[in-house]
Each structure stands twice: as structure tokens, then as C-alpha cells.
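1. Model the structure of this input:
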Amino acid sequence: MRSAKNAAHRTYSTFKFMDRKIKIGIFFPKDSEALFNTESEKTFGGASVQMYGIAKELSAYPNIETLSIIPDYSIISFKDEKHFNLVKLYKPEFGILAKFLRFVYFYLKHKPDYIIQHGLMKESCIMAVFCKIFGSKMIFMFAHDIEVRGLSQTKQKKVAFFKYLLRNSYKLITQNMYQRQYLLEKYNAASEIIYNGFEPKPFRKKRYAKNLLWVARCDKWKAPELFIRLAELNPGYKFTMVCPVSSDESFFNTIKNSAEKIKNLNFVPFVPFNKIDSYFQKASVFVNTSDFEGFPQVFIQSMINASPILSLNVNPENFITKNRCGFCCNGNFDLLNQNLRKILTNEELFQKLSKNSYDYADKNHNITSNVKQILNLIQPQKPA
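-> This next block holds a predicted model:
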């Protein structure tokens, strides 16, 4: 397996698009600043991380011009800058009309063949219609299970013109079978399942320790209070909680105050994008307490670092159970607590779950193969 260190220097010539260079525009979410400015302390989400990986991977193809479309952040400073062709589109505070006018200007200037966007918002729907009218092809990627119901992830409210997104997108990409089936049955909309990916890394046997990690924005539906309760019940273990503020600052302050009262819990309000992987490397077990998700980026990052997953509810396509990557507790908090102790009092079990987690992520969430799947949607390749 190639190392992540060498991945940045590779180039591919596998895909041919009618013997011409094509342009692909990657639209980043507004909360992506911390990916492009290592000094930023702004919250970022899984959709931003996924777009970053796709854009970087596409830069390895000489016959693809990749445009990474971002808000007009005042400072750009990050280690992968040479692999990105950044287009600053609009100020973060712009309204939807100003954003649309800037998008029209961008489109007329660059005329991309394809646009890839991840995560549902009303701008997604408008963009899909615009692309259909003017000849570009929109590839939309669902980020969360509730999005297939036409709901926004943050406010969980109906997104205007959702059906226009489904009708006018060139391709829809889902993260699991539930999302795919829901779109097909509810809207008769076909989609392709392509998992999120990370740059691969070599397997390293996990140190058997008692360190538990939780990483998520401080949203109510991610139930951060349950991780705090878990730490309180297990004073002999070390808990780390990376919990950036979300839209509800009052809820964040409540969680922060509760967490800081627990002696064996380290509450971290923010970790820069370029340093977050060190937390996954140190963690023995990754804990998820969310009510629902799509296929969380943090699951993948945990598994490529050989950490078993302990999930209260989320288990896309039953993968945790089927592949023995950890335990899903079907909403039963007492069972979550029991399985935590089960993993961390049995080293043989821990090491098996650790290796299974790595093997699953390496096979199914390799960014190189996943981007090839996306490119095959654009231009199916003929067998050699």
C-alpha cells in the first residue's frame, strides 16, 4: 500500500474524457475556513473534510482542472495549498441573492463541465437548476440521513425546491442503502452509493489503553450529555471530548460547564483541522452518541487509526456489527456502558475489533478508489 506521505506526489492518467481536459468545480460549505487557514478556530464539519479530500485527490489527474470554490476568507495558509486551485467566490456574510450573482459570474468565467456539492441547502437546489439550463452537470452528495427527506442538517427544516434538486442533478450520491432506498421509494430518484474516504495509512497495532474519544459539533441531536454521563460512570478511564460550538451557544455553555466538572474528562472546544488526527491516533475507542447520522467522517477517521467504534444508535447498513468493528447498542445507554467495559477489560477482544476496524476502512473508505468511483459516474471507463 502506498503511504499517505507519497500520496501527495502521485499523478494519474487513467481517466480520459473525450481526449480533452475537463473542469470540475468543488463547492465547499461556508464553514470550511479552518481547512484553509491553520490559525482559524472556526468550526468545520464532515462535508468540508470530504470535499477537501476529493479536491486534493482530483489534483492528481493531469486531464482534470479542479476548481475549489470557497468563501472569500481573508487568510489562506495551509500545507496542501499547492494541490488546490482556489476560487474565492463570495464573502461569508453575503445573502443568497449576492451569492447567486457571484456564482453566475464564476460560471460565465470558468464554465465548469461538472460541479460537485456536498450537503443539502437551498443553494444546492438553485445550483442544480442553473447547471441543467446552462449545460453543466451537477453531482450532489447527500451528507446526512435526514437530507433525503428534504430537511437541512442544521435546522432540520424543509429545504425549498428540494424536488428541483432531485430532478435536475446529473447524479445523486448517497452514503448508505437507507438513503438510496428512501429516495427511490419516495421520489423515484435513482442514486449511487459511494462511501466517504480518507487518505490511506499503514496499519499500526493499537496500544491497549483506556482512552475514549468523542468528536462532534455541540448539537442537541448528537447528545453530548450522554458522553459526559459515561465518563462520570467510569472514573478509571480517560475521556476526551472535542466539542466545538454550534448554532446554539447556550446549549454549548451548558455542556461545557457540565463536562468541566468531571475530573477524568478533558473537554476541548476546538482542534485545528491539521491536528485533529492526533486525537484519533491516541484514542483506544471512539464513542458516538448521536440520534442519527449519515456515515460519519469521524467513524472513518477512527477506523483508519484502528480504533473500535462504540455507537449508541448509528450503524449504517449494520456495518459495525457485520464487520465486528465495535458495538452498536440500539439506543440502550446501559448497554453502551457495558460494552465500553467489555472492550477495555479484554485485550484480545480489543485487538480483534481494532484490526477489523482498520481493515474495513482500508477496503471501503480509501479516497483514491472512492474518487475513481465518482469519475466513473462522469465517464464510465472501458476495460483495458
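2. Every contact and neighbour count from this point should use C-alpha atoms.
-> Noted.
3. pLDDT weak spots in this protein?
-> The chain contains residues with pLDDT under 70 at 1-19, 380-384.
4. domain parsing for it?
-> Following automatic domain parsing, one finds the domains of the chain at 4-198+366-378, 211-364.
5. Run the chain-centre distance for the shortest one.
-> In terms of C-alpha atoms, centre = their mean, to the nearest Å, the centre of domain 211-364 is set 15 Å apart from its chain centre.
6. all helices for the stretch 101-250 of the chain, in order.
-> According to DSSP state H, counting those that start in this stretch, the stretch 101-250 of the chain carries its helices in the segments 122-134, 162-168, 177-187, 224-233, 249-259.
7. The very next helix or strand once past the last one pairs with which strands?
-> When you say that, I think you mean helix 249-259. Per DSSP states H and E, helix 249-259 leads on to strand 265-268 as the next helix or strand towards the C-terminus. In the sheet, strand 265-268 lines up against strand 238-242 (parallel) (DSSP bridges).
8. Need the residues that contact the partner strand.
-> Contacts with strand 238-242, where a contact means C-alpha atoms under 8 Å, 6 or more residues apart in numbering, come from 210-216, 231, 264-271.
9. how about 10 Å then?
-> Residues outside strand 238-242 that contact it (C-alpha atoms under 10 Å, 6 or more residues apart in numbering) are 209-218, 224, 227-228, 230-232, 256, 259, 262-271, 276, 279, 283-287.
10. before we move on, back to that, looking at the helices of the stretch 101-250 of the chain, which is closest to Gly53?
-> Nearest to Gly53 among the helices of the stretch 101-250 of the chain is helix 122-134; the distance by C-alpha to C-alpha comes to 20.1 Å.
11. Determine the number of other residues adjacent to Asn211.
-> 17 (other C-alpha atoms under 10 Å).
12. before we move on, what about Lys372?
-> Counted by other C-alpha under 10 Å, the residues lying close to Lys372 total 17.
13. from memory it sits against Leu58, does it?
-> Yes - using C-alpha atoms under 10 Å, Lys372 makes contact with Leu58 at a distance of 9.2 Å.
14. center of this protein, which residue is that?
-> Closest to where the C-alpha atoms of the chain average out (C-alpha atoms, centre = their mean) is Gly46, at 2.9 Å.
15. Can you pull the phi/psi pair for that residue?
-> Note on Gly46: backbone dihedrals following degrees, to the nearest 10 are phi -60, psi -30.
16. And it, how close does it get to Phe28?
-> 11 Å (C-alpha to C-alpha, to the nearest Å).
17. For those two, list the residues in contact with both.
-> Tyr52, His118, Gly119.
18. List the ones among the residues you listed that fall in strands.
-> Judged by DSSP state E, the shared contacts of Gly46 and Phe28 include His118 as members of strands.
19. Include distance to Glu81 and neighbour count when you put the shared contacts of Gly46 and Phe28 into a markdown table, please.
-> Putting the shared contacts of Gly46 and Phe28 into a markdown table (distance: C-alpha to C-alpha, whole Å; neighbours: other C-alpha atoms under 10 Å) gives the following:
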| residue | distance to Glu81 | neighbour count |
| --- | --- | --- |
| Tyr52 | 11 | 21 |
| His118 | 21 | 22 |
| Gly119 | 24 | 18 |
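20. In TSV, list the shared contacts of Gly46 and Phe28 along with distance to Ala160.
-> TSV is the format used below for the shared contacts of Gly46 and Phe28 (distance: C-alpha to C-alpha, whole Å):
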residue	distance to Ala160
Tyr52	27
His118	17
Gly119	14
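21. Tell me the one among the shared contacts of Gly46 and Phe28 nearest to Gln301.
-> Tyr52 (14.2 Å).
22. give the contact list for the closest one.
-> Ile26, Phe27, Phe28, Ser32, Leu35, Phe36, Gly46, Ser68, Asp80, Phe84, Phe198.
23. Can you tell me the SS state at Phe327?
-> Under DSSP: H, G, I helix; E, B strand; the rest coil, Phe327 falls in the strand class.
24. Is it bridged to anything, and to what?
-> With DSSP bridges as the rule, Phe327 is bridged to Leu310.
25. so where do the strands sit in this protein?
-> With strands called from DSSP E, the chain shows them at 22-27, 64-70, 86-88, 114-118, 137-141, 171-174, 192-193, 211-215, 238-242, 265-268, 285-288, 309-311, 326-328.
26. so which of the ones you listed comes closest to Thr154?
-> Comparing those by C-alpha to C-alpha, strand 114-118 comes nearest, at 13.9 Å.
27. Weed out the non-buried ones from the contacts of Tyr52.
-> Buried subset of the contacts of Tyr52 (neighbour count, 16 or more other C-alpha atoms under 10 Å): Ile26, Phe27, Phe28, Ser32, Leu35, Phe36, Gly46, Ser68, Phe84, Phe198.
28. Make TSV from the residues you listed and add distance to Ile96 to it.
-> Shown next, in TSV, are these (distance: C-alpha to C-alpha, whole Å):
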residue	distance to Ile96
Ile26	19
Phe27	15
Phe28	15
Ser32	18
Leu35	23
Phe36	23
Gly46	23
Ser68	19
Phe84	26
Phe198	32
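29. picking that back up, looking at the domains of the chain, which is nearest to Arg204?
-> domain 211-364 (7.4 Å).
30. From one end of the closest one to the other, what's the distance?
-> 26 Å.
31. for the residue nearest to the centre of the chain, what are its contacts?
-> The neighbours of Gly46, taking C-alpha under 10 Å, 6+ apart as the test, are Pro29, Ser32, Tyr52, His118, Gly119, Ala143, Asn196, Ala216, Phe295, Pro296, Gln297, Val298.
32. Kindly indicate which of the residues you listed lies nearest Lys109.
-> Nearest to Lys109 among the contacts of Gly46: Pro29, at 21.1 Å, using C-alpha to C-alpha.
33. Kindly tell me how buried that closest one is, as a neighbour count.
-> 22.
34. Tell me the one among the buried ones among the contacts of Tyr52 nearest to Ile126.
-> For the buried ones among the contacts of Tyr52, the nearest to Ile126 is Phe27 (13.5 Å; C-alpha to C-alpha).
35. Could you measure from the closest one over to Lys186?
-> Going from Phe27 to Lys186 by C-alpha to C-alpha gives 27 Å.
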